[in-house]
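A.B. asks: Quick one: sequence and predicted model below, then my questions.
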Amino acid sequence: MVVLNENAGRITADDIMPMDEYKKIRKEHRRSLMQRKLARRVHVGPFVLFHFENYITLWSQIQEMLFIEGGGDEQINDEIEAYNPLLPDGNELVATLLIEIEDADRRKKQLHMLGHIEDKISININNEKILAIPTDDTERTNSDGKTSSVHFLHFKFNSLQKELFKNKELVAYISIEHDNYSHSAMLTEEVRDSLINDFK
């Protein structure tokens, strides 16, 4: 199994394994990664999933893209440039939000009802509200009011908020306060344990 540092800094080309080496460890790494991801996922309401990113999840995504698409050195640079902005910087949590609806017609209808959902999300603890900040790479809600099924969100914590989050005697939850989707979910102790590492 490949050993990776969860709190490493930026991903560089030197971090990427040659494909022949990655192929040897791929099966075991993907199995291990699935267990890690379970502790970094939070379902909110009937069809929204938050997956919190770190060095390992993003490194793994880059390796998989390179393995599947075989784009070589040029693709390495493109993938690193795309994924590095999602690495937590020690003062934030970073999540990919997925709207998961299998039926295409129902999904299209719901996405039109959830415009700007990315601006209605927060992590809450002890009367502190940490608002989600969408990445500014592209507008995720179009002029027709249809939102994307994928969003990339940063939750910026100050020093007090980080200390509160680390105190697991306090309840922390993630909340969506959209007119057409109002749901919250508690962050379990297992999730908190994993996410606290992102502040190191």
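C.D. replies: That came through fine.

A.B. asks: Which of the helices or strands spans A132?
C.D. replies: In the assignment (DSSP states H and E), A132 maps to strand 128-134.

A.B. asks: Over to I76?
C.D. replies: Element membership of I76 [criterion: DSSP H and E] is helix 72-83.

A.B. asks: Now that helix: buried residues?
C.D. replies: Buried residues in helix 72-83, counted by 16 or more other CB atoms under 10 Å: I76, E79, I80, Y83. The way it works is simple: take the backbone N, C-alpha and C, and place the C-beta from them, glycine included.

A.B. asks: Tell me, how many residues neighbour the closest residue to the third one other than its chain neighbours?
C.D. replies: Sequence neighbours aside, I11 is the residue nearest to I80 in space, at 5.4 Å (criterion: CB to CB, 6 or more residues apart in numbering). In terms of burial, I11 registers 20 neighbours under the definition other CB atoms under 10 Å.

A.B. asks: Any regions of the chain where pLDDT drops low?
C.D. replies: Counting by pLDDT under 70, the chain shows low-confidence ranges at 1-8, 137-139.

A.B. asks: go with 50
C.D. replies: Scanning the chain for pLDDT under 50 picks out 1.

A.B. asks: Look up which residues are beta-bridged to the residue nearest the centre of it.
C.D. replies: Geometric centre of the chain, nearest residue: A95, 2.6 Å, by CA atoms, centre = their mean. Beta bridges link A95 to F52, L153, judged by DSSP bridges.

A.B. asks: mind listing what's buried in the longest helix along the chain?
C.D. replies: Longest among the helix segments of the chain by residue count, using DSSP state H, is helix 19-38. In terms of neighbour count (16+ other CB under 10 Å), helix 19-38 has its buried residues at Y22, R26, H29, S32, L33, K37.

A.B. asks: What of stretch 86-100?
C.D. replies: Neighbour-count burial for stretch 86-100 [16+ other CB under 10 Å]: L86, L87, P88, E92, L93, V94, A95, T96, L97, I99.

A.B. asks: give the contact list for the first one.
C.D. replies: Contact analysis of L86 by CB atoms under 8 Å, 6 or more residues apart in numbering lists E53, L58, V94, T96, T135, F152.

A.B. asks: again, only this time at 7 Å
C.D. replies: Contacts of L86 were listed using CB atoms under 7 Å, 6 or more residues apart in numbering, and they are E53, L58, V94, F152.

A.B. asks: same deal with the fourth one?
C.D. replies: When contacts are counted by CB under 7 Å, 6+ apart, E92 is found next to H154, F155, K156, F157.

A.B. asks: May I ask which of these has the most neighbours?
C.D. replies: When neighbours are counted by other CB under 10 Å, F155 leads these with 23 neighbours.

A.B. asks: Quick one: the strands in the chain, in order.
C.D. replies: Secondary structure of the chain (DSSP state E): strands at 41-44, 48-52, 92-99, 121-125, 128-134, 150-156, 172-178, 181-186.
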